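1. I'd like to go over a predicted model; first the sequence, then the structure.
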Protein chains: 2
Amino acid sequence: MELNERKKKILEVIIRDYINTAEPVGSRTLSKRCNLGISPATIRNEMADLEDLGYLVQPHTSSGRIPTQKAYRYYVDEIMEIRKLEKMIRTDIHRGFLNTTTELGSTMDHTARVLSQLTNYTAVVLAPRVTNFNCRNVQIVSLIKNRVLMVVVTNEGMAKNIEVSLSQDVDNALVLKLSNVINGFLKNTNLSDLSSELVDRIQEMTPEESKLIHEIIPHLKKVLLDEDSEVHSTGLTNLFNYPEFSDVNKIKQLINLVQEKQVLSEMMTNNNGNQVIRIKIGSENDNENLKDFSIITSTYELDGEMMGAFGVIGPTRMNYDNVSSVLNYIRNELNLHISNLLMK
Amino acid sequence: MELNERKKKILEVIIRDYINTAEPVGSRTLSKRCNLGISPATIRNEMADLEDLGYLVQPHTSSGRIPTQKAYRYYVDEIMEIRKLEKMIRTDIHRGFLNTTTELGSTMDHTARVLSQLTNYTAVVLAPRVTNFNCRNVQIVSLIKNRVLMVVVTNEGMAKNIEVSLSQDVDNALVLKLSNVINGFLKNTNLSDLSSELVDRIQEMTPEESKLIHEIIPHLKKVLLDEDSEVHSTGLTNLFNYPEFSDVNKIKQLINLVQEKQVLSEMMTNNNGNQVIRIKIGSENDNENLKDFSIITSTYELDGEMMGAFGVIGPTRMNYDNVSSVLNYIRNELNLHISNLLMK
DNA sequence: GTTAGCACTCAGTTATTGCGAGTGCTAATA
DNA sequence: TATTAGCACTCGCAATAACTGAGTGCTAAC
């Protein structure tokens, strides 16, 4: 399956050209562009070979060739290299991160914005999921009458808020009591372990407290397990400028995809292979709505532990090396920034 | 400018028909549909009159007529009536609100979803802005090292969270001190009045406290004044099904509009005329991006005071009476629900 | 005032043609 | 043997022409 140098070169030029123009590439254009000093006729022969091998197809008999998914995969694996970004862009990005506010959510938004600007595709960023971490403490703030706000804080200093209406009004004393009880069983437990059985183990509760706690737990669970709020995306309209998205149905498909935050979230976190930059091309994606797209993702970490993911969605005719290079750099920046923001 | 009964009837049928089909209405079709027992020829005469008066236009010489913006305005003002929704739908909506969780944000989301489902257009809901209310107290939760979370609670029991990184680490004692100081000047002040001068009036501060407070204030301002988080919208893709949105540019325009949350927010709250249901047709909208759309909005209240707004964006060929009727009912439900949720 | 009849208009569809970019094949060439 | 020039062929696409039909305005009769 190994291609000789010339075939490889020709394939590379075709892919690069098609990524830029979205037009099928013909032998004449190619002959001028690839600087190999070979005639269109020779190139035609090579192209026919590449077509036999499954790297190229013709949209119709008398047109130029376009790369197949297999070609993109070959390009990604064997040809392209992750570049170091230009100094100027690097410092731009770096400064941008320094200027972001101190809130986690806005850092995520910023990342998404930078990603979509630098790539001209749609960016998705997943914030760290609070349920991956251990609870340090829970603070309860009385709002009014029977409503309270619970603030769950992890050891790393991440916070999540849950509003709850209880079946009875609360006063300061009750807030304090509830607070003690909840802290009693949540402290230092992993937030994904939240279960009612856990609560039952606590013995020192009055019936009243027990009742209220059992009202609270479902809310707590629901909000903590809710993935939607962790998904930040931008640059949806970027894609509309590409000719492959002049079809309204494809746009619909895309919008639906981006709105299904849970699906996005799953898709970006299932990391098979442990590569730093993961590339899924067209039908390599499990999700049906993504069959026509490519997605490149990466992750950011804190003390070597995966915190979240981020990536870019675009057409299969995606500028793979630029996106990979950008992701690679952003990853470093994000790691840096997150470790300043959170602490283990 | 007053139209006689027959012209009025004809105009009504044309508008209704065009709203349903998006096709220009011809005299023959109309003659069958309007049951006035008049021939196409007569209708042609009447239509010519209506065109002269500015209520109708022909897309091209030999086609049927479509209503002008003036016609829609006439329809809205003089013809249509706000209906009472069917019993079944009413109870459906009512039950839906009862089932929403106790959190304000999710009530807003639910409202948006119901609106877009019932109207098949795009729904926008504005949550109450915390800056319209008086602060009851501020709670500070230490997150980690130099980071704290401030929870601002209003007298009505609304809460807003602000994450802040300070220039130095905080311990419990410092949190308590800061908490006292901030409560000292925020308690019972209107949250929009937040200014640095306010802070200067407080005398009993150590230089350290003063420094930290001055670090906090800008964040506080920024988050409290931020309107973006108050805007909930759904049903963007609903509009794509209408033939007027088969054009990608119009879709882009729409998406940009919905993403500019601040603009949306302003647009929906500037209430000139104090009507319960406000209808803006096409170019009646100030915003350039909305010139091709119609928007119907309403507001919800607590103790007679305006809390927020909600509404529907659609084509100028909008089903004005259905949307108005739905908004009218939702308004009541929302008022009810909000007064259960918040308290004055 | 209303209507039937008729000539006219014009967007949209279908059919026809010509163009051009591109191919595969073959025979000549290095 | 690999490369290339030449040539006939293919086929999408754009431009043009012809056709269709829904709808109009006008006029004359009712």
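-> Okay, I see it. Residues are numbered from 1 along each chain as shown, chains lettered A, B, ... in the order given.

2. I'd like the domain boundaries of chain A, if you could list them.
-> A:5-79, A:87-129+A:229-341, A:131-225 (automatic domain parsing).

3. how about the residues of the stretch 51-200 of chain A that lie near DNA strand C?
-> Contact residues, the stretch 51-200 of chain A versus DNA strand C (CB under 7 Å from any atom of the strand): A:Glu51, A:Gln58, A:Thr61, A:Ser62, A:Ser63, A:Gly64, A:Arg65. All C-beta spots, glycine's among them, are computed from the backbone N, C-alpha and C.

4. any idea how far the third one lies from B:Tyr121?
-> Same thing as A:Thr61. 46 Å (CB to CB, to the nearest Å).

5. Surely A:Lys70 forms part of a helix?
-> Yes: per DSSP: H, G, I helix; E, B strand; the rest coil, A:Lys70 lies within a helix segment.

6. For it, which non-adjacent residue is closest in space?
-> A:Gly54 (5.1 Å; CB to CB, 6 or more residues apart in numbering or on different chains).

7. How about the secondary structure of that neighbour?
-> What three-state DSSP gives for A:Gly54 is coil.

8. Could you report the pLDDT at it?
-> What the model reports for A:Gly54 is a pLDDT of 94.

9. Equivalent analysis for A:Leu186, please.
-> Confidence at A:Leu186, expressed as pLDDT, is 83.

10. which SS class is the closest residue in space to it that isn't next to it in sequence?
-> Closest residue to A:Leu186 apart from its sequence neighbours, by CB to CB, 6+ apart: A:Cys135 at 4.5 Å. Put simply, A:Cys135 is strand when judged by three-state DSSP.

11. tell me the contacts of A:Cys135?
-> A:Val152, A:Val153, A:Thr154, A:Asn155, A:Leu186, A:Lys187, A:Asn188, A:Thr189, A:Asn190, A:Leu191 (CB atoms under 8 Å, 6 or more residues apart in numbering or on different chains).

12. now do 7 Å
-> The neighbours of A:Cys135, taking CB atoms under 7 Å, 6 or more residues apart in numbering or on different chains as the test, are A:Val152, A:Thr154, A:Leu186, A:Lys187, A:Asn188, A:Thr189, A:Leu191.

13. For chain B, tell me whether stretch A:168-175 is touching it.
-> No: no part of stretch A:168-175 sits near chain B under the criterion CB under 7 Å from any CB of the partner chain; the closest distance found is 10.8 Å.

14. end-to-end on that stretch?
-> End-to-end distance of stretch A:168-175 (CA to CA, to the nearest Å): 12 Å.

15. neighbouring contacts of it?
-> Here stretch A:168-175 makes contact (CB under 7 Å, 6+ apart) with A:Ile140, A:Ser142, A:Lys145, A:Asn146, A:Val148.

16. Would you mind giving those as CSV with neighbour count and distance to B:Asn340 added?
-> Formatted as CSV, the contacts of stretch A:168-175 follow (neighbours: other CB atoms under 10 Å in any protein chain shown; distance: CB to CB, whole Å):
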residue, neighbour count, distance to B:Asn340
A:Ile140, 23, 21
A:Ser142, 21, 18
A:Lys145, 14, 10
A:Asn146, 16, 10
A:Val148, 25, 16
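
17. From A:Lys7, how far out is the closest residue to DNA strand C within chain A?
-> Going by CB to the nearest atom of the strand, DNA strand C is nearest to A:Gly26 of chain A, at 2.6 Å. A:Gly26 is 17 Å from A:Lys7, where distance means CB to CB.

18. cool, A:Ile162 as well?
-> 59 Å.

19. So between the two, which is more surrounded?
-> Higher neighbour count among A:Ile162 and A:Lys7: A:Ile162, with 20 against 16, using other CB atoms under 10 Å in any protein chain shown.

20. Go ahead and confirm that one touches A:Leu220.
-> Yes: A:Ile162 is within contact range of A:Leu220, at 5.8 Å (criterion: CB atoms under 7 Å).

21. Run through the helices of the stretch 101-250 of chain A in chain order.
-> Applying DSSP state H, counting those that start in this stretch to the stretch 101-250 of chain A gives helices spanning A:104-119, A:172-186, A:196-200, A:207-225, A:248-259.

22. Turn the ones you listed into TSV, columns for distance to B:Arg113 and mean neighbour count.
-> Formatted as TSV, the helices of the stretch 101-250 of chain A follow (distance: least, CB to CB, whole Å; neighbours: other CB atoms under 10 Å in any protein chain shown):
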stretch	distance to B:Arg113	mean neighbour count
helix A:104-119	23	21
helix A:172-186	31	16
helix A:196-200	29	13
helix A:207-225	17	16
helix A:248-259	12	17
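
23. How about the contacts made by the residue of chain A closest to DNA strand C?
-> A:Gly26 neighbours (CB under 7 Å, 6+ apart): A:Gly64.

24. now do A:Leu334
-> A:Thr111, A:Tyr300.

25. That one is in what secondary structure piece?
-> A:Leu334 is part of helix A:320-341 when elements are defined by DSSP states H and E.

26. what residue ranges in the stretch 1-150 of chain A score low on pLDDT?
-> A:1, A:101 (pLDDT under 70).

27. at 80 instead, please
-> Flagging of the stretch 1-150 of chain A using pLDDT under 80 yields the residue ranges A:1-2, A:34-36, A:100-103.

28. Residues of it that sit close to chain B?
-> Residues of the stretch 1-150 of chain A lying near chain B (CB under 7 Å from any CB): A:Thr102, A:Glu103, A:Gln139, A:Val141, A:Leu143, A:Ile144, A:Lys145, A:Arg147, A:Leu149.

29. Show the buried residues in those.
-> By neighbour count, with 16 or more other CB atoms under 10 Å in any protein chain shown, the residues of the stretch 1-150 of chain A next to chain B hold A:Thr102, A:Glu103, A:Gln139, A:Val141, A:Leu143, A:Ile144, A:Arg147, A:Leu149 as buried.

30. from the residues you listed, which two are the most distant?
-> Spatial extent of those (CB to CB) is set by the pair A:Thr102 and A:Ile144 at 29.0 Å.

31. follow-up on the earlier one: the residue nearest to A:Lys70 touches A:Thr68, doesn't it?
-> Yes: counting by CB under 7 Å, A:Gly54 does reach A:Thr68; the two are 6.1 Å apart.

32. Look at these two and report which has more neighbours.
-> Using other CB under 10 Å, the more surrounded residue of A:Gly54 and A:Thr68 is A:Thr68, with 19 against 13.

33. now the more buried one: how far from chain B?
-> Distance of A:Thr68 to chain B, given as CB to the nearest CB, to the nearest Å: 27 Å.

34. how about that residue, what does it touch?
-> A:Thr68 neighbours (CB under 7 Å, 6+ apart): A:Gly54, A:Tyr55, A:Leu56, A:Val57.

35. returning to that earlier point: want to try a markdown table for the domains of chain A, with distance to B:Thr299 as columns?
-> Listed next are the domains of chain A as a markdown table, based on distance: least, CB to CB, whole Å:
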| stretch | distance to B:Thr299 |
| --- | --- |
| domain A:5-79 | 48 |
| domain A:87-129+A:229-341 | 27 |
| domain A:131-225 | 22 |
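
36. Would you mind measuring from A:Ala127 to DNA strand D?
-> To DNA strand D, A:Ala127 is 43 Å away according to CB to the nearest atom of the strand, to the nearest Å.

37. Leaving out sequence neighbours, find the closest residue to that residue.
-> Per CB to CB, 6+ apart, closest to A:Ala127 is A:Glu230, 4.3 Å.

38. next one: A:Asn322
-> Spatial nearest neighbour of A:Asn322, chain neighbours left out: A:Thr119 (6.7 Å); criterion: CB to CB, 6+ apart.

39. and if you look at A:Gln69?
-> Among residues not flanking A:Gln69 along the chain, A:Gly282 sits closest, at 4.7 Å (CB to CB, 6+ apart).

40. By neighbour count, which of the residues of the stretch 51-200 of chain A next to DNA strand C wins?
-> Going by other CB under 10 Å, A:Arg65 tops those with 25 neighbours.

41. Surely it and A:Val25 touch.
-> Yes: with contacts counted by CB under 7 Å, A:Arg65 reaches A:Val25, the gap being 6.0 Å.

42. Appreciated, that's everything.
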